[in-house]
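In: below: sequence and its predicted model.
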Amino acid sequence: MYGFGNTPADRDYTLQDYCDGAMEIIDALGMDDVTVIGHSFGGRVAIRLASTCDKVKSVVLVDSAGMKPRLTLKKIIRKVKFKLRKALHMSTQSCGSSDYRALKPNMRKTFINVIHTYQEEELRHINAPTLIVWGKRDKDTPMYMAKRLSRGISGSKLVVIDGGHYAYIDSHKAFISQLRAFLNGVYFG
């Protein structure tokens, strides 16, 4: 994924760019029967791949992003603060989420491109068996997003495990157990 780990990012990227990059790997390896597992940002890529690529045969979404968040008072205040500071020609360094502020400057436009891509419409195009695993204490991608994903992907299976946004780490044994059951056809036999 461009800009993550040791993979360079030489320009601004969109969600489609990340999907194209994943497809390049799938094609280069000659893969025709792919299970895509995506967590958070990677869940966005998995949703797009599953909705557009016939090589994707199954999908696992873990605390996935991609759903339009609810507008809260806190978010409204943050937006007003940003616009006011910008209008007054004041520094906006303190504005934005902690994820945004932690990014290198060259990845900030990519972040904006990707987080403003809402994927509700793509869900109805996913025909592959889909397991949705969610941490019951996830605050970054709250439970209402898991329920929206589950309703939007026909026949999907939602499993809630203990943990937060990194439930696959917080409750790794439960996650592995659910993943094995899914890959062995227990849910969608």
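Out: Looks like it arrived, so ask away.
In: and Thr92, what is it in contact with?
Out: Thr92 makes contacts with 82, 85-86, as judged by Cβ atoms under 8 Å, 6 or more residues apart in numbering. C-beta: built from backbone N, CA, C; applies to glycine.
In: same question for Asp32.
Out: Lys55.
In: got phi/psi on it?
Out: Backbone geometry at Asp32, expressed as degrees, to the nearest 10, gives phi -120, psi -10.
In: equivalent analysis for Val159, please.
Out: Dihedral angles (degrees, to the nearest 10) for Val159: phi -120, psi 130.
In: and for it, the neighbour number?
Out: 19 (other Cβ atoms under 10 Å).
In: again, but for Thr7
Out: Around Thr7 there are 9 residues (other Cβ under 10 Å).
In: packing partners for the worst-scoring helix or strand of the chain on mean pLDDT?
Out: In the chain, no helix or strand scores lower on mean pLDDT, DSSP states H and E than helix 98-102, which sits at a mean of 72. The helices and strands touching helix 98-102, judged by 3 or more Cβ pairs under 8 Å, 6 or more residues apart in numbering; DSSP states H and E, are helix 105-115.
In: can you show me the helices along the protein?
Out: 15-28, 41-52, 73-87, 98-102, 105-115, 120-123, 143-152, 167-170, 172-183 (DSSP state H).
In: winner for burial among those?
Out: Across the helices of the chain, averaging neighbours per residue (mean count of other Cβ atoms under 10 Å) puts helix 41-52 on top, at a mean of 23.
In: just the C-alphas of that one, formatted as PDB.
Out: Coordinates of each C-alpha in helix 41-52 appear next as PDB, following Å, rounded to 0.1, in the frame of the first residue of the first chain:
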ATOM      1  CA  PHE A  41      -8.300   1.500   5.700                       C
ATOM      2  CA  GLY A  42      -7.600  -1.900   4.100                       C
ATOM      3  CA  GLY A  43     -11.300  -2.700   4.500                       C
ATOM      4  CA  ARG A  44     -12.000   0.100   2.100                       C
ATOM      5  CA  VAL A  45      -9.700  -1.500  -0.500                       C
ATOM      6  CA  ALA A  46     -11.300  -4.900   0.200                       C
ATOM      7  CA  ILE A  47     -14.800  -3.500  -0.400                       C
ATOM      8  CA  ARG A  48     -13.800  -1.900  -3.700                       C
ATOM      9  CA  LEU A  49     -12.000  -5.100  -4.900                       C
ATOM     10  CA  ALA A  50     -14.900  -7.300  -3.900                       C
ATOM     11  CA  SER A  51     -17.400  -5.100  -5.600                       C
ATOM     12  CA  THR A  52     -15.500  -4.900  -8.900                       C
END
